[in-house]
Structures are given as C-alpha cells and as structure tokens.
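A.B. asks: fold the following for me, if possible:
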Amino acid sequence: MTSMLEDTIYQPRVIIMAVFGYTNKVSEKDIQENTLTLLLQEMTRPPDRVLLTSEGNSSIYIQDWAESLGIKTQTFHADWTRNGKMAQIVREDRMYKECTHALVFLSQRSDRLEKLAERMARKGKIVFTSSSNQILTQFEMSNCEHSRPASKPAHKSDKGIVQMWQKYQRKEEC
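C.D. replies: Next up, the predicted model:
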C-alpha cells in the first residue's frame with residue numbers, strides 16, 4: 001500500500017513565450033496562419049504569457065492574437081536614452097531571462113537574432129524561428145552543436161554593438 005505522502009503533486013509547467021525581432025512585410029492573416037497556428041500545434045497548448053517588443057506590425061498582430069485567446073501580454077520597450085546603442089540588447093536580455101519559449105523573427109540584414117536563438121536553445125529554451133519567407137522551424141540542440149563560426153557583422157555600425165554586447169555579457173557573468 002502506498003502512502004499519500006509518497007505521491008507527487010502535479011504542478012503545471014508555465015509557458016512564457018518571448019517574441020524577438022519583428023516583421024512588417026506580412027499581413028495579420030499570414031502571421032496567424034503561417035506562424036501562430038503552427039506554433040500552437042507544436043507547443044500543444046497556448047502560452048501563459050507572451051513577452052513582446054514594442055516595434056513592428058508583427059508585435060501588434062501577436063498581441064491582438066494573444067489577447068483574443070485570453071493570454072496575458074507584456075510589452076518591453078528599449079530605453080534608448082538610458083542605454084544608447086545597447087538599448088535593444090538590454091531589452092532582449094531581460095526578455096531572454098524571463099522566457100521558457102521563444103519565437104524569433106530572423107533578419108536578412110544581420111545574423112544577431114540567429115545567434116540569440118542558438119544561445120537560447122543551448123540554455124534549454126524551446127526556440128522557434130520564422131524566416132523572412134515565413135517558414136517556421138524549431139531550433140534543435142543538434143543545430144547548435146554544429147553551428148557555423150561567427151561571421152563579420154553585416155554593417156560597420158554593428159561591430160561596435162557586438163563588442164559592447166560582449167562586454168555586457170562579461171559583466172553579467174561576474
């Protein structure tokens with residue numbers, strides 16, 4: 001006979017999904033059909049909370065979608081005055097620390113968000129990426145182990161931001 005004390009209590013796992021990057025090139029219907037519907041099928045249940053950036057039409061569409069399903073949303077703004085060029089990175093770091101799942105809209109101009117997706121997957125977060133042509137894929141740990149070496153920043157101005165981000169990361173580790 002088993003004791004009631006030996007039984008484990010089921011505690012539901014909270015899903016907090018952060019959305020990194022944005023797209024202005026697709027309609028609300030396209031985002032719902034090609035991204036959000038597929039995302040829900042993969043996740044098996046809706047997230048408990050969605051963290052959004054304040055930029056892009058996609059953030060507005062995702063916020064409307066989440067609120068229509070009764071999902072709480074939280075918008076993160078980049079404080080350009082206080083943090084300067086680091087504002088976007090500081091904001092994304094705050095979102096990264098809170099989320100359990102992520103949706104990353106990849107950019108054709110830079111691979112910064114792809115590197116962020118790799119880093120999140122290595123840390124055990126469930127990461128989905130949406131390419132510029134709206135192909136949704138789940139980032140697998142095997143992708144991280146065979147990731148390509150870091151390339152040069154896409155723009156000269158990105159080099160300074162990358163260096164500042166590396167300094168910021170070192171400070172966080174200490």
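
A.B. asks: for beta bridges, what are the partners of the spatially most central residue of the chain?
C.D. replies: By CA atoms, centre = their mean, the mean C-alpha position of the chain lies nearest to Ala102, the distance being 3.5 Å. According to DSSP bridges, the partner residues bridging Ala102 are Ala18, Val127.

A.B. asks: can I assume Asn24 is in contact with Asn57?
C.D. replies: Yes: using CB atoms under 8 Å, Asn24 is in contact with Asn57, at 4.7 Å. (Each C-beta comes from the backbone N, C-alpha and C, glycine too.)

A.B. asks: the more surrounded of these two?
C.D. replies: Each of Asn24 and Asn57 has its neighbours counted (other CB atoms under 10 Å); Asn57 has more, 15 against 10.

A.B. asks: where's that one relative to Phe105, distance?
C.D. replies: Distance, Asn57 to Phe105, by CB to CB, to the nearest Å: 11 Å.

A.B. asks: what sits in contact with each of these two?
C.D. replies: Counting by CB atoms under 8 Å, 6 or more residues apart in numbering, the shared contacts of Asn57 and Phe105 are 22-23.

A.B. asks: listing request: residues of the chain with sub-threshold pLDDT.
C.D. replies: Residue ranges of the chain with pLDDT under 70: 1-12, 141-174.

A.B. asks: helices of that one, start to end?
C.D. replies: Per DSSP state H, the chain carries helices over the ranges 28-31, 37-43, 57-68, 80-83, 87-98, 112-122, 141-145, 156-173.

A.B. asks: other SSEs contacting the fifth one?
C.D. replies: Put plainly, it is helix 87-98. If you count contacts as 3 or more CB pairs under 8 Å, 6 or more residues apart in numbering; DSSP states H and E, helix 87-98 packs onto strand 16-20, strand 49-53, strand 72-76, helix 112-122, helix 156-173.

A.B. asks: go again with 6 Å.
C.D. replies: If you count contacts as 3 or more CB pairs under 6 Å, 6 or more residues apart in numbering; DSSP states H and E, helix 87-98 packs onto strand 16-20.

A.B. asks: can I get the strand it packs on as PDB, trimmed to CA atoms?
C.D. replies: Presented in PDB, the C-alpha positions along strand 16-20 are these (Å, rounded to 0.1, in the frame of the first residue of the first chain):
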ATOM      1  CA  ILE A  16       6.300  32.200 -21.100                       C
ATOM      2  CA  MET A  17       6.900  32.900 -24.800                       C
ATOM      3  CA  ALA A  18       9.100  35.800 -25.800                       C
ATOM      4  CA  VAL A  19       9.000  37.300 -29.300                       C
ATOM      5  CA  PHE A  20      12.300  38.600 -30.600                       C
END
